[in-house]
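Participant: quick check, what structure comes out for this input:
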Amino acid sequence: MRIGELAAAVGVTTRTVRHYHHLGLLPEPERRPNGYREYGLRHAVALARIRRLTELGLGLAEVRDVLADDAGRDLAEVLAELDDDLARQEAAIQERRARLRVLLAEAEAGRLPAEGPVSPELTALFGDLAQDSTVRSESPMAAKDREILALLDTAAGPEDRERLLSALRGSTGEPGVVDRAHQAYALLDELVDADPGDPRVDEAAELLASCLPDSALDGLGIGEVDEDHSFLRAFLDDLAPAQAEAIRRTMRLLVGRHRGGAR
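Facilitator: Have a look, this model is predicted:
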């Protein structure tokens, strides 16, 4: 058989056959006087076996182990490892599909946030904060806050993320907190063109601090108001000067309260 006939008989391409030759998986046949390869039945058998093994999901290095006489691993061992790997992939896919079903349900109910997909915990928090769609759409500071929370939902370590979201969910459940949060957002929006010395800066800081738990900074990995902290620096740089000053003062209030409560 010529290479094209061999490839057609086994259901692969001639390029695949040449690749297997290059990797040493398929032995090179004798060549005719004209230089063409002459394949026999043993090549077709070997090629068919390679195809079956790769269709099972084995990598070519694993196929080489199975085919080599001195590989040290028999086919049963390799297949057992493959089965374990496929089981892990299957579990991961099932978990992802379960997550997608939750997101689809949220979307059908009109509760999927614009920043999504985010965790169910953060989706619930956004739902608590969004008293109505008008407030959500009209407050640039509220939108920025949701963007930051979505970033943390993705980037924070599991423990920090859980600590932060749990603290925020607990805080939003307290009477009047959601109303004060929207008042704080509105006041911060007004500061976009203000001077950092504007008296509303202190008012916004006090109002915002009254909405947040003392431990809010712990979930951010920030224990002090340290503007060399890369995340904090990037966050403040993204705000107008008066807004950034209000956030600094809010953080100082939280740090002071947290220290006082720890005594």
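
Participant: so what's the residue count around Glu5?
Facilitator: 12 (other CB atoms under 10 Å). For the C-beta atoms, the positions are set from N, CA and C on the backbone; glycine is no exception.

Participant: residues in contact with it?
Facilitator: By CB atoms under 8 Å, 6 or more residues apart in numbering, the residues touching Glu5 are Tyr39.

Participant: what comes up buried for the longest helix anywhere in the chain?
Facilitator: As assigned by DSSP state H, the longest helix anywhere in the chain is helix 75-108. Going by neighbour count (16 or more other CB atoms under 10 Å), the buried part of helix 75-108 is 78-79, 82, 103, 106.

Participant: stretch 194-201 too?
Facilitator: Those would be 194, 198, 200-201, for stretch 194-201 by 16+ other CB under 10 Å.

Participant: tell me which of those residues fall in helices.
Facilitator: Using DSSP H, the buried residues of stretch 194-201 in helices are 200-201.

Participant: can you map out the strands along the stretch 1-150 of the chain?
Facilitator: 30-31, 37-38 (DSSP state E, counting those that start in this stretch).

Participant: partners of the first one, with directions?
Facilitator: In the sheet containing strand 30-31, the strands it pairs with under DSSP bridges are strand 37-38 (antiparallel).

Participant: what lies in contact with the partner strand?
Facilitator: 1-3, 28-32.

Participant: give me the helix or strand of the protein that scores worst on average pLDDT.
Facilitator: Here the helix or strand of the chain ranked lowest by mean pLDDT, DSSP states H and E is helix 133-138, holding a mean of 50.

Participant: residue ranges with poor pLDDT in the stretch 1-150 of the chain?
Facilitator: 69-73, 111-112, 115-116, 131-137 (pLDDT under 70).

Participant: kindly recompute the last result at 80.
Facilitator: Applying pLDDT under 80 to the stretch 1-150 of the chain flags residues 68-75, 78, 99, 102-103, 106-107, 109-120, 123-125, 127-138.

Participant: so who does the residue nearest to Leu23 when sequence neighbours are not counted touch?
Facilitator: Leaving aside its sequence neighbours, Leu23 sits nearest to Leu60 (CB to CB, 6 or more residues apart in numbering; 6.0 Å). Listed by CB under 8 Å, 6+ apart, the contact partners of Leu60 are 23, 25, 54.

Participant: got a PyMOL select line for the buried ones in the residues you listed?
Facilitator: Applying 16+ other CB under 10 Å to these leaves a buried subset, and the PyMOL line that selects it is:
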select buried, resi 25+54
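
Participant: looking at the contacts of Leu60, which is nearest Leu239?
Facilitator: Using CB to CB, Thr54 is the member of the contacts of Leu60 that lies nearest Leu239, at 54.8 Å.

Participant: the closest residue to that closest one other than its chain neighbours: neighbour count?
Facilitator: Nearest residue to Thr54, sequence neighbours excluded (CB to CB, 6+ apart): Val63, at 6.3 Å. Residues near Val63, counting by other CB under 10 Å, number 21.

Participant: now Leu239
Facilitator: 18.

Participant: report pLDDT for the spatially closest residue to Pro140 that is not a sequence neighbour.
Facilitator: The shortest distance from Pro140 to any non-neighbouring residue, by CB to CB, 6+ apart, is to Asp189 (5.8 Å). Note for Asp189: predicted pLDDT of 95.

Participant: dump the helix or strand hosting Asp189 to CSV, restricted to CA.
Facilitator: For Asp189, the enclosing helix or strand under DSSP states H and E is helix 177-190. This file holds the C-alpha atoms of helix 177-190, laid out as CSV (Å, rounded to 0.1, in the frame of the first residue of the first chain):
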residue,chain,number,x,y,z
VAL,A,177,-28.4,50.7,55.7
VAL,A,178,-29.6,50.4,52.0
ASP,A,179,-31.2,53.8,52.1
ARG,A,180,-28.1,55.4,53.6
ALA,A,181,-25.9,53.6,51.0
HIS,A,182,-27.9,55.2,48.2
GLN,A,183,-27.7,58.6,49.9
ALA,A,184,-23.9,58.1,50.1
TYR,A,185,-23.7,57.2,46.4
ALA,A,186,-25.7,60.3,45.5
LEU,A,187,-23.5,62.5,47.7
LEU,A,188,-20.4,61.0,46.2
ASP,A,189,-21.8,61.6,42.7
GLU,A,190,-22.1,65.3,43.6
